[in-house]
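Undergrad: Got a predicted model here, sequence first, then my questions.
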Amino acid sequence: MFPMLTLLSMFYYICLRRRSRSGTRSEVLNSRRAMESSQRSLPLSVEVEQYAKEVLDFSSHYGSENSMSYTMWNLAGMPNVFPSSGDFTQTAVFRMYGAWWEQCASTPLPFRRTAHSFHSQDYIELAFEEPVYPTALEVLETYHPGAIVQILACSLNPFSQNPPADVRWEVLWAGEPSKAVTPQARQFSPSIKQINFATNLIRLEVNSSLLEYYTELDAVILRGVKQRPVLSLYKMPLIDICDLSDSEEEREAAEALAGKSSTGNGYFDKLPYECYSSHLPSKPLSHDSSLIQLIASHLTLPDLCRLAQSCKLLQQHCYDPLQYIQLSLQPYWARLTDTSLGYLQNRCTLIQRLSLSWTGNRGAVTATGFCSFVKACGMGLVCLELACCHFLTEGCMEVIAQTCPALQELNLSSCDRLHPQAFAHIAQLTSLRRLILYRTKIEQTALLSILTFCTKLQHLNLGSCVMIEDYDVVASMLGARCRSLRSLDLWRCKNLTERGLTELVTGCRLLEELDLGWCSTLQSSSGCFLQLARRLPRLRKLFLTANRTVCDSDIEELAAHCPALQHLDILGTRMVSAASLRKLLRSCSKLLLLDVSFCSQIDARMVQELSALFPAVSIKKSFTQPGRPAKLSNRGRRTLAREQRERGD
């Protein structure tokens, strides 16, 4: 019992010291005034109600980059659909839903140490006209609600010419992944926390893993007052990822408090030593690695940093580079800075897998700070996740190419502000196995150079890459150079034709996943889908979304030649009948997902019948209830009508 009390005393002492050091004099005075007036009511102020003015940033969306259908930009302004329910093109829709997406071969391995409280998979940031102290926030969800897991507010005014030196994010509300009882529309109005700064920048984070289909959002309403409310209680800041530095004074005081001078290392010396553990890196540990290190390997990064501040013995174990073989900093995106990376630099000399996704935006991490970290720690990197990292520059890509020769996985998803010339440096990473370029501005010349030299690619995502002029040339190069390819995402690649697809499936016979969603230039009459089915016997996932030419003969070929098929999306076709679907379901016994939304020959009654016959298959059939017309310009109406025709509704 005594050792545990001693350790708790050490933590308590350190927390008191840091908290007393963290609060400024003005904050303490404000806290005193707040407590003195706790019995008084909040000051009267007129409540402001406003819709989002602008969409600033997001991680993914179902729509394309040059249209309005299913894009995140639909969240700006007043609602187009609410209170109607159903699948509407005028809403904001994220790219993924459900747990089945994580079962695909292209899904990367999860990171250890990820905080159990971090559930976010996607995000969107919204700017409002007037900064206010939030009193309420409402999200109008029109289809399959329940995905929102966190709502944050930022101290930065995105429309101001003088941004503050210290940009703060505060969590207004957080919850766990869930799903509503029905897919019907709802107004989500969680009870939010009061904050001590005005905001007009709100971030929604979502997790759609429990949903049966895509969640659709229509509008966001921010309510608040312009006059600062009196907060009921002052809360001192907690030790977090920003405070990774050491304090010799605190460690010495903690060691004295623990009686270290008279007992050596206390009772820690009595713990047994281990030579190997499956929880630590898969290689023998040094002879002095102990059970303490194994225990520390289960801690999240902030807890590891706190434990390191307790005494020199625990600091030695918590700073061991073997504790940092893989590290995800994504959960701490709101607090990570150049300074944080600097403190971590000496501990990450053996790092192999690193995620900086979502981090560093609005100047928190700079290109200089990132390059310094990679130069010091990047030699052994095999996996680097940089999704939505808008601090990246061409110089950063050059440093990655020169410093990380063993890199096998690189994720640049939604790095849409990275200059096209920067991607040329990726061609030097000849060991790449997985490359994610979704929503980037990579151009055809750079991509062809990458495919020429990175011949070991197994997973490639080119979804929504609008700067590529001729996807037939890209597909031909893939078929000739990347014969180990297992998954390929060509979502919304508009100019791919049967010529390119034929050369692709002829050369890449190991393909297990192929996304051709919204590739409207492919025509079934050319026989390209028949060739696809016959030449890809390992196919497990196939998206032919919104291709109106897919017909019964294509489905029957899949049934005959692709027995491993698990996921099939044929949304929007008018030429597939229930008879061919029965053949497919009988032949493909491993099928888990079948999307037949907006397939005019497959009605809701037929879906119920097929679901009863094949209960192991999740058959999707979305619905649309009549709603009020969207407030669109003439050009917007023409674009929307064209995309609705392509989809088939």
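TA: Okay, I see it. Residues are numbered from 1 along each chain as shown.
Undergrad: Enumerate the positions of stretch 412-430 that are buried.
TA: Residues 412-416, 418, 422-429 are the ones in stretch 412-430 that count as buried (16 or more other Cβ atoms under 10 Å). For every residue, glycine as well, the C-beta is placed using N, CA and C.
Undergrad: just stretch 395-413 next, same as before
TA: 396-397, 399-401, 403-404, 407-413.
Undergrad: Residue 349: which of these is nearest?
TA: residue 403 (12.9 Å; Cβ to Cβ).
Undergrad: For the nearest residue to the closest one once chain neighbours are set aside, give me its contacts.
TA: In space, and not counting its chain neighbours, residue 403 is closest to residue 378: 4.2 Å by Cβ to Cβ, 6 or more residues apart in numbering. Listed by Cβ atoms under 8 Å, 6 or more residues apart in numbering, the contact partners of residue 378 are 384, 399-400, 403-404.
Undergrad: Residue 48 too?
TA: So residue 48 contacts 130, 132, 223-226 (Cβ under 8 Å, 6+ apart).
Undergrad: Who is it paired with across the strands?
TA: Beta-bridge pairing of residue 48 under DSSP bridges involves residue 224.
Undergrad: now swap in residue 150 and tell me
TA: Judged by DSSP bridges, the bridge partners of residue 150 are residue 174, residue 205.
Undergrad: shouldn't it be in contact with residue 120?
TA: Yes. Assessed by Cβ atoms under 8 Å, residue 150 is found in contact with residue 120 at 5.9 Å.
Undergrad: shared neighbours of the two, which are they?
TA: When contacts are counted by Cβ under 8 Å, 6+ apart, residue 150 and residue 120 are jointly contacted by residue 205.
Undergrad: Now name the helix or strand holding the residue lying closest to residue 552 once chain neighbours are set aside.
TA: Of all residues not flanking residue 552 in the chain, residue 580 sits nearest, at 4.0 Å (Cβ to Cβ, 6+ apart). Using DSSP states H and E, residue 580 falls within helix 578-587.
Undergrad: For residue 333, list the residues it contacts.
TA: Residue 333 neighbours (Cβ under 8 Å, 6+ apart): 357-361.
Undergrad: I'd like the buried residues of stretch 412-430 laid out as TSV, including pLDDT.
TA: Shown next, in TSV, are the buried residues of stretch 412-430 (pLDDT from 0 to 100):
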residue	pLDDT
412	98
413	98
414	98
415	98
416	96
418	97
422	98
423	98
424	98
425	98
426	98
427	98
428	98
429	98
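Undergrad: Just give me the closest of those to residue 468.
TA: Nearest member of the buried residues of stretch 412-430 to residue 468, counting by Cβ to Cβ, is residue 423, at 11.1 Å.
Undergrad: From residue 357, how far out is the closest one?
TA: Note on residue 423: its distance to residue 357, by Cβ to Cβ, to the nearest Å, is 18 Å.
Undergrad: for residue 462, same thing?
TA: Taking Cβ to Cβ, one finds residue 462 at 19 Å from residue 357.
Undergrad: ok, back up a step: what about the residue nearest to residue 403, distance to residue 350?
TA: 12 Å.
Undergrad: ok, now residue 110?
TA: 20 Å.
Undergrad: likewise residue 122?
TA: From residue 122 to residue 350 the distance is 31 Å (Cβ to Cβ).
Undergrad: ok, those two, which is more surrounded?
TA: residue 122 (22 against 15; other Cβ atoms under 10 Å).
Undergrad: so the more buried one touches residue 208, yeah?
TA: Yes. Using Cβ under 8 Å, residue 122 is in contact with residue 208, at 7.4 Å.
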